[in-house]
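Chemist: Pasting the sequence and the predicted coordinates here, then a few questions.
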Amino acid sequence: MTQRVHIAIRGAVQGVGFRPFVYRLATEMGLPGWVLNSPQGVFIEVEGEKEQLDSFVLRLESEKPPRAYIQSLEFSFLDPVEYRHFEIRESGTEGSRTALVLPDIATCEDCLREIFDPNNRRYRYPFTNCTNCGPRFTIIEALPYDRPNTSMKRFALCPACRREYEDPADRRFHAQPNACPVCGPKLEFWDEAGDTFASHDDALMQALEQIRAGKIVAVKGLGGFHLMVDARDHGAIARLRERKHREEKPFALMFPTLESICAECEVSAFEERLLTSAESPIVLLVHKQTGRPAAGVADSVAPRNPYLGAMLPYTPLHHLLMRELGFPVVATSGNLSEEPICTDEHEALVRLRGIADGFLVHNRPIVRHVDDSIVRVLLGRELVVRRSRGYAPLPWKLRSSGPEILAVGGHLKNTIAMTVENNVFISQHIGDLENAEATEAFRKVIGSFEAIYGVKPRHVAADMHPEYLSTKFAGDYGSTVVPVQHHYAHVAACMAENELEGRVLGVAWDGTGYGLDGTIWGGEFLLADNVSFQRVGSLREFSLPGSERAIKEPRRTAVGLLYEIYGAKLPDRMAAPVWQAFGSGEIALLMQMLGKGVNSPRTSSAGRLFDAVASITGLRQKMNFEGQAAMELEFSIEPNEEAYPIELKDESAAPNAGRIILDWEPLVRALLKDLGGGVGLGVMAARFHNGLVQAVVSVAERIGQERVVLSGGCFQNKYLTERAVRRLEARGFRPYWHQRVPPNDGGIALGQAAVAARLLERDAST
């Protein structure tokens, strides 16, 4: 007997060729009906015998397109209405918008073959794509994902592209960004004044000529501009650093082939998989050439850093550029240091004036800025350090649906998140909210999420720091604010990522976070569950003379640390590297500040402890970018199993009664003894890290909670995290760490959203 089945599919099923796949499957099986996109996902109805319909449903899941991700597939059997044939219906626009917007996808092998085939009509066309690859998140303006809702709407399909778009047998069937040289976007090369110097393929050739000549070229890509120079040219890199105001922070590199990366870096099988994946992130790889002259990548790309951030071409334009060049290029974000990436060519002319020597641009609008993602391999798993292109805005699922929540993240490495039903959609990397441009980008991303998902959340989750721009925005948003303590948000993000319910011991270590007592937290042990936490341990506090200046000058942090031990009688002979970093009279001024408690906030920050140790050992006295001192301390480690001691003390005085205080004074005294005795930096760095790991294990044993969650920027440190996980496992604990959500502040929006959702759920049930 003929029946009708109605199917609702939710997940990443738009922009992946799902409707064409359904069309081909239904027509192959001879089942009449229809399929359409809606703001909620994909809806299907087909009619046939019960056995056929069962088989159809099973094949939807087992044979789905490779980039599709099905969150839920619900179906019900109904009376037939006697469909005559199968069709792709016009998309629906009603109802809540819960369909998953797919991230931008790297060029597939089929499209790659076409752009390098002289007999193909898309030969050397830099905007080639199909249902299996190409732009998604960077071009979509609204759901459902159809061409009129993208920035491709201004490019009318030519007859040849229209035939592909309408042919069920073609892989470009309903490919929304479909285009060719006749009807699609086009390249131009502009000089510094914005005058057109060349068009189409000639523009590409002009850019190549400039890069070969050591010039800096601003290239408009998928989610914004890259600044590109020859990665072998010390002079070109020095000019880029000077113009971009980026003194020492490593640059990302784009290589022409996987083989060229392997010639320069150590690449494991898992790292190779990441490099060649559809996400195509920047992967942090050990640099083979460090410390010895080579004709390859210049040392100035990543000074004093054993890693290179390497990626492969991920758009046809990048493939064309890199195939012609045949050597690696710096491909850093098109901006001044700390500003958001440029997305519009006319904006780039203004903001990148004086940096770029020329501009390779195109006329496909970028709807939203999306930086390159950064990952590294840690403990045999992927660890996302910056979550953006290829990953955003894919969501995490909550336990249950609730009211919409906007989570505005923190101040540094900002991302935002929005809940819609039981999904938490996490934005692309926005950056540090340090200037007007970044703040405007932050507001635009929030407006973009409101537009895509068609919601104005009634609740805003925000950090507790009263001076964060994100927190102030939350207060002005016009919705109920749910404050979430910074380090609890870190722990909650890791819990959400690992789908943990119930109580855990959270270890949240970073540089700065506003504490419940008004001090700067950062070396915290939290006994936490999904709605609350207790601060059961922390590093011993010390003062930061100069406050914000101390964050950028480890030498100041070191003085604050030593003052906590010795008072005004500092051991100048033992800590010689610190004193040598100051001019005459500066130390005396800091002593006065510390003695009077003026502009010297208290902190328990693990990140600042790293900075102080880097200063005491003479490694780094001032920083040119966030985390530089801690990174260089990690990179200095030489094999050594000994550990500096950290003493665990039970605090009895209010308001910290019952809290474990990790006293780093024995560690500092042992460090100073080693420094005076001529012990090498690599050994001291290892003993310092080992001491921190032992302290984590000791607190875990004292608390007795089996599940231990590691979060915060300090756990980007590969040595610290891997050693902590292994030592915890050896002692019978179950450690959890981040994988697809950053451990740094780029992940706290997820934690804020998860906590706020549970609090609202609890309040609604009482």
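Modeler: Received the coordinates, thanks. Every value quoted in this text rests on a predicted model; they were computed, and no experiment measured them.
Chemist: Can you show me the strands along the stretch 451-600 of the chain?
Modeler: Applying DSSP state E, counting those that start in this stretch to the stretch 451-600 of the chain gives strands spanning 459-462, 480-483, 504-514, 520-528, 533-539, 542-543.
Chemist: And the ones you listed: which comes nearest Glu339?
Modeler: Closest to Glu339 of those is strand 504-514 (CB to CB; 21.2 Å). (Each C-beta comes from the backbone N, C-alpha and C, glycine too.)
Chemist: What helices and strands are in contact with the closest one?
Modeler: Other helices and strands packing on strand 504-514, by 3 or more CB pairs under 8 Å, 6 or more residues apart in numbering; DSSP states H and E, are helix 486-497, strand 520-528, helix 606-616, helix 681-703, strand 707-711.
Chemist: Including mean neighbour count, could these go into CSV?
Modeler: Converted to CSV, these look like this (neighbours: other CB atoms under 10 Å):
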stretch, mean neighbour count
helix 486-497, 29
strand 520-528, 25
helix 606-616, 28
helix 681-703, 20
strand 707-711, 25
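Chemist: Could you export these as JSON lines, including distance to Arg59 and mean pLDDT?
Modeler: Shown next, in JSON lines, are these (distance: least, CB to CB, whole Å; pLDDT from 0 to 100):
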{"stretch": "helix 486-497", "distance to Arg59": "32", "mean pLDDT": "97"}
{"stretch": "strand 520-528", "distance to Arg59": "44", "mean pLDDT": "98"}
{"stretch": "helix 606-616", "distance to Arg59": "52", "mean pLDDT": "98"}
{"stretch": "helix 681-703", "distance to Arg59": "48", "mean pLDDT": "98"}
{"stretch": "strand 707-711", "distance to Arg59": "40", "mean pLDDT": "98"}
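Chemist: between those, which one is nearest to Pro365?
Modeler: helix 486-497 (32.8 Å).
Chemist: Figure out how far that closest one is from the centre of its chain.
Modeler: 16 Å (CA atoms, centre = their mean, to the nearest Å).
Chemist: who touches the helix or strand of the chain with the lowest mean pLDDT?
Modeler: Lowest by mean pLDDT, DSSP states H and E among the helices and strands of the chain is strand 69-78, with a mean of 80. Under the criterion CB atoms under 8 Å, 6 or more residues apart in numbering, residues 3-13, 50, 53, 57, 60-61, 64, 100, 394, 397, 423 lie in contact with strand 69-78.
Chemist: List the ones among the residues you listed that fall in strands.
Modeler: Counted as lying in strands by DSSP state E, out of those, are 3-12, 397, 423.
Chemist: and which of those is nearest to Gly522?
Modeler: Once CB to CB is applied, the member of the ones in strands among the contacts of strand 69-78 that ends up nearest Gly522 is Lys397, at 30.2 Å.
Chemist: And for the closest residue to Ile660 other than its chain neighbours, the neighbour number?
Modeler: Nearest residue to Ile660, sequence neighbours excluded (CB to CB, 6 or more residues apart in numbering): Gly537, at 3.8 Å. Applying other CB atoms under 10 Å, we find 28 residues neighbouring Gly537.
Chemist: for the one 10 residues further on, same thing?
Modeler: Using other CB under 10 Å as the criterion, Ser547 is surrounded by 16 other residues.
Chemist: Let me know whether it touches Asn599 as I believe.
Modeler: Yes: using CB atoms under 8 Å, Ser547 is in contact with Asn599, at 5.3 Å.
Chemist: what residues go with each domain of the chain?
Modeler: The chain breaks down into these domains under automatic domain parsing: 2-88, 101-185, 187-362, 393-483, 507-744.
Chemist: How about residues contacting stretch 367-374?
Modeler: 104, 137-141, 150-151, 222-224, 252, 279, 281-284, 309, 311, 331, 333, 340-343, 384-392, 428-429, 441, 444-445, 448.
Chemist: I meant to write stretch 590-604 there.
Modeler: If you take CB under 8 Å, 6+ apart as the criterion, stretch 590-604 is touched by 512, 515, 519-524, 538-547, 556, 559-560, 563, 568, 582.
Chemist: Quick check: buried residues in that stretch?
Modeler: Neighbour counts using 16 or more other CB atoms under 10 Å place 590-591, 593-594, 600-604 of stretch 590-604 among the buried residues.
Chemist: check contacts around Gly33.
Modeler: 4, 26, 44-47, 83, 86.
Chemist: How much space separates it from Val57?
Modeler: Per CB to CB, to the nearest Å, Gly33 is found 13 Å from Val57.
Chemist: and what of Lys649?
Modeler: 62 Å.
Chemist: returning to that earlier point: tell me which residues of the least confident helix or strand of the chain come out buried.
Modeler: Neighbour-count burial for strand 69-78 flags 70-71, 73, 75 (criterion: 16+ other CB under 10 Å).
Chemist: Mind listing the strands it pairs with, and their directions?
Modeler: As defined by DSSP bridges, the strand partners of strand 69-78 come to strand 2-12 (antiparallel).
Chemist: Past the partner strand, which element shows up next along the chain?
Modeler: Scanning forward in sequence from strand 2-12 by DSSP states H and E, the next helix or strand is helix 18-29.
Chemist: Taking strand 69-78 as reference, get the angle to that following helix.
Modeler: 50 degrees (axes from the mean of the first three to the mean of the last three CA atoms, to 10 degrees).
Chemist: Could you export helix 18-29 as PDB, CA atoms only?
Modeler: Included here for helix 18-29 are C-alpha records, laid out as PDB according to Å, rounded to 0.1, in the frame of the first residue of the first chain:
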ATOM      1  CA  PHE A  18      21.900  18.100   0.100                       C
ATOM      2  CA  ARG A  19      18.800  18.900  -2.000                       C
ATOM      3  CA  PRO A  20      20.500  17.700  -5.200                       C
ATOM      4  CA  PHE A  21      21.500  14.500  -3.400                       C
ATOM      5  CA  VAL A  22      17.900  14.000  -2.300                       C
ATOM      6  CA  TYR A  23      16.600  14.700  -5.800                       C
ATOM      7  CA  ARG A  24      18.900  12.100  -7.300                       C
ATOM      8  CA  LEU A  25      18.200   9.500  -4.700                       C
ATOM      9  CA  ALA A  26      14.400   9.900  -5.000                       C
ATOM     10  CA  THR A  27      14.400   9.800  -8.800                       C
ATOM     11  CA  GLU A  28      16.700   6.800  -8.800                       C
ATOM     12  CA  MET A  29      14.300   5.000  -6.500                       C
END
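Chemist: What residues of that helix count as buried?
Modeler: For helix 18-29, a neighbour-count test (16+ other CB under 10 Å) marks 18-26 as buried.
Chemist: Pick out whichever of the residues you listed sits closest to Leu619.
Modeler: The closest of the buried residues of helix 18-29 to Leu619 turns out to be Phe18 (CB to CB; 52.9 Å).
Chemist: measure that closest one to Tyr69 for me?
Modeler: 10 Å.
Chemist: go on, Lys288?
Modeler: Note on Lys288: its distance to Tyr69, by CB to CB, is 36 Å.
Chemist: what does Val384 give?
Modeler: Applying CB to CB to Val384 and Tyr69 gives a distance of 17 Å.
Chemist: Kindly report the same for Gly746.
Modeler: According to CB to CB, Gly746 and Tyr69 sit 22 Å apart.
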